[in-house]
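Asker: Sequence first, predicted coordinates after that:
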Amino acid sequence: MDARTSYFLFLLTLHSSLLITSTVAGSKLFALPFGLDASATVFSYLLTFIIVDTIAELFGREYSRRVINLGLLSMALSAVYFEFAAYLPPAPGWHHQQDFETVVSSSVRIWIGGWIAYMVSQHFDLSFFLRLRQTAFGKRSVVLSAWLSLMLAQLLDTVIFVSIAFYGTGVVMPTIIGQYLIKLLFSTIAAPLVKLSISMGRDWIEARSGKLAEKD
């Protein structure tokens with residue numbers, strides 16, 4: 001297997017793994033200053049955008065689109081299996097059924113909201129990132145291109161998910177504002193990771209390709 005294919009498969013696996021991790025970690029809220037809170041998925045989910053931008057830069061739009069679409073499939077399959085596992089009758093000596101259901105089960109509305117938000121925001125991030133990279137501004141700075149695309153994609157993701165998942169609860173706008181401010185902060189921190197992952201990927205592919213050429 002050539003070095004480019006190996007690195008792509010690594011990024012594809014990492015992307016899907018982070019999405020599945022986010023499916024479970026979403027039930028955990030952690031405290032932030034000023035009375036704000038956020039889902040633990042703010043870390044794992046944000047990294048999937050970094051991976052999509054990295055793949056787009058190294059391999060092209062079509063590869064990133066396939067990764068995004070496969071990511072939806074991985075989330076759907078994991079969610080269905082989590083529900084199936086929760087449905088199975090617990091063994092007589094196992095007393096954690098309620099805890100297990102609390103962690104892995106979600107309402108259908110939350111699933112649908114999350115999946116729609118995921119598809120819209122990730123495809124938007126991909127398109128906007130590549131469009132920026134074609135401009136004179138974007139060609140000079142991959143970090144700023146990644147930050148702008150992340151910032152707007154996270155806004156879309158937050159508005160869509162919260163509007164669908166919490167419609168009619170009266171907490172839609174406060175939740176959108178709080179979640180987006182947190183995502184904006186982490187997007188600013190994470191944007192330089194795009195440049196780092198692209199650089200590391202190119203170095204790894206070149207080094208690996210050189211070793212394979214020596215063996216041949």
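Answerer: That came in fine, so what should we check first?
Asker: and A38, which of the three is it?
Answerer: In three-state terms, and counting by DSSP: H, G, I helix; E, B strand; the rest coil, A38 is strand.
Asker: Give me the nearest residue to it, chain neighbours excluded.
Answerer: Nearest residue to A38, sequence neighbours excluded (Cβ to Cβ, 6 or more residues apart in numbering): I182, at 4.5 Å. (C-beta placed from N, C-alpha, C; glycine too.)
Asker: Do you know the pLDDT at F10?
Answerer: F10 carries a pLDDT value of 93.
Asker: Tell me how many other residues crowd it.
Answerer: For F10, the neighbour count with other Cβ atoms under 10 Å is 13.
Asker: what sits up against the strand or helix carrying it?
Answerer: Counting by DSSP states H and E, the element that carries F10 is helix 3-25. The contact list for helix 3-25 (Cβ atoms under 8 Å, 6 or more residues apart in numbering) reads 39-41, 44-45, 47-48, 51-52, 54-55, 58-59, 63, 67, 70-71, 74-75, 78-79, 82, 103-104, 118, 201, 204-206, 208-209, 212.
Asker: Show me which of the residues you listed are buried.
Answerer: The neighbour count (16 or more other Cβ atoms under 10 Å) marks 39-41, 44-45, 47-48, 51-52, 54-55, 58-59, 63, 67, 71, 74-75, 78-79, 82, 103-104, 118, 201, 205, 208 as buried among these.
Asker: helices or strands up against whichever strand or helix holds the residue nearest to A38?
Answerer: For I182, the element it lies in under DSSP H and E is helix 172-190. If contacts are counted by 3 or more Cβ pairs under 8 Å, 6 or more residues apart in numbering; DSSP states H and E, helix 172-190 sits against strand 37-39, helix 41-58, helix 142-165.
Asker: Distance of the residue nearest to L18 when sequence neighbours are not counted relative to L58?
Answerer: Closest residue to L18 apart from its sequence neighbours, by Cβ to Cβ, 6+ apart: S44 at 4.6 Å. Plainly put, S44 is 21 Å away from L58 if you go by Cβ to Cβ, to the nearest Å.
Asker: just F161 next, same as before
Answerer: 29 Å.
Asker: ok, and the closest non-adjacent residue to D157?
Answerer: Closest to D157 by Cβ to Cβ, 6+ apart is S121, at 3.7 Å.
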